[in-house]
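J.: turn this into a structure:
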Amino acid sequence: MLTIADMCIGNSLRPDRSTKLPVPPPIVTMCGCRWFFTVSIAMHLILLNRKQYVDTMQCMKRGFTIIELLIVMAIIGMLASIMLVTFSTLQAKSRDTRRVEDVRELQKALGMYYIESNQFPISASPINITGTDPVSTVLINNGVISGISGDPVSPTYDYTYQTSGPGNYTITFCLETDSIPKYVQGCTNTISN
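T.: Okay, the predicted model is just below:
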């Protein structure tokens, strides 16, 4: 055990001594060696911080355990699946918006055709609107519409057109979601005049 006298003389600083320096109180005026205690506290803190630094570096060199890697992979997998579901839903809503816009453009073109011809293109049986069908060809040739696109997911979903007389028609279309007001999910949505 070191005494205050030993610490004042400096015996504890010799390299052949293997004793640890005790942490002295910060303000000591014994033996007139106040500077020694300040220096010894500073050295003790430096050695303590160096040991913590070395421990931290050794910990970082070890790498990750399998459990840590599995936990991180599970979290990334969950986040990816949430993003995939969200992205798929947004895509379906976007396709539904396009379908409604396409059908409304077709409805406007049919109205302009009716003004010019005093009737709608006649089709007793349902026709799938693809852009190359007979109804699309008539509307494009008369200049009431520049082009008609089919359903974004055709042939799974299609727009169908059918007349029930010279002044009546029905357009049927499908939606993948319930995101658009007045329309429902499924292939039961209709627009007629």
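
J.: next structured bit after the helix or strand encompassing residue 116?
T.: Using DSSP states H and E, residue 116 maps to helix 66-117. Later in the chain than helix 66-117, the nearest helix or strand by DSSP H and E is strand 127-129.

J.: and that following strand, which residues are buried?
T.: Of all the residues in strand 127-129, those buried under the rule 16 or more other CB atoms under 10 Å are 127, 129. For glycine as for every other residue, the C-beta is placed from the backbone atoms N, C-alpha and C.

J.: tell me what it is packed against?
T.: In terms of contacts (3 or more CB pairs under 8 Å, 6 or more residues apart in numbering; DSSP states H and E), strand 127-129 is packed against helix 134-141, strand 159-163.

J.: for residue 111, what are its contacts?
T.: When contacts are counted by CB atoms under 8 Å, 6 or more residues apart in numbering, residue 111 touches residue 193.

J.: quick check: it vs residue 190, distance?
T.: Distance of residue 111 to residue 190, computed by CB to CB, to the nearest Å: 16 Å.

J.: for residue 148, same thing?
T.: According to CB to CB, residue 148 and residue 190 sit 18 Å apart.

J.: can you check residue 76 too?
T.: Remark: distance between residue 76 and residue 190 (CB to CB) = 45 Å.

J.: neighbour count winner among these two?
T.: residue 190 (13 against 10; other CB atoms under 10 Å).

J.: distance check, the more buried one against residue 130.
T.: Residue 190 is 19 Å from residue 130, by CB to CB.

J.: average model confidence for stretch 136-145?
T.: Here stretch 136-145 scores 91 as its mean pLDDT.

J.: give me the contacts around that stretch.
T.: For stretch 136-145, using CB under 8 Å, 6+ apart, the contacting residues are 105-106, 108-110, 112-113, 116-117, 121, 129-130, 146-148.

J.: which parts of that stretch are buried?
T.: By neighbour count with 16+ other CB under 10 Å, stretch 136-145 contains the buried residues 136, 138, 139, 140, 144, 145.

J.: export these to a markdown table and tack on distance to residue 174?
T.: Listed next are the buried residues of stretch 136-145 as a markdown table, based on distance: CB to CB, whole Å:
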| residue | distance to residue 174 |
| --- | --- |
| 136 | 18 |
| 138 | 24 |
| 139 | 21 |
| 140 | 23 |
| 144 | 25 |
| 145 | 21 |
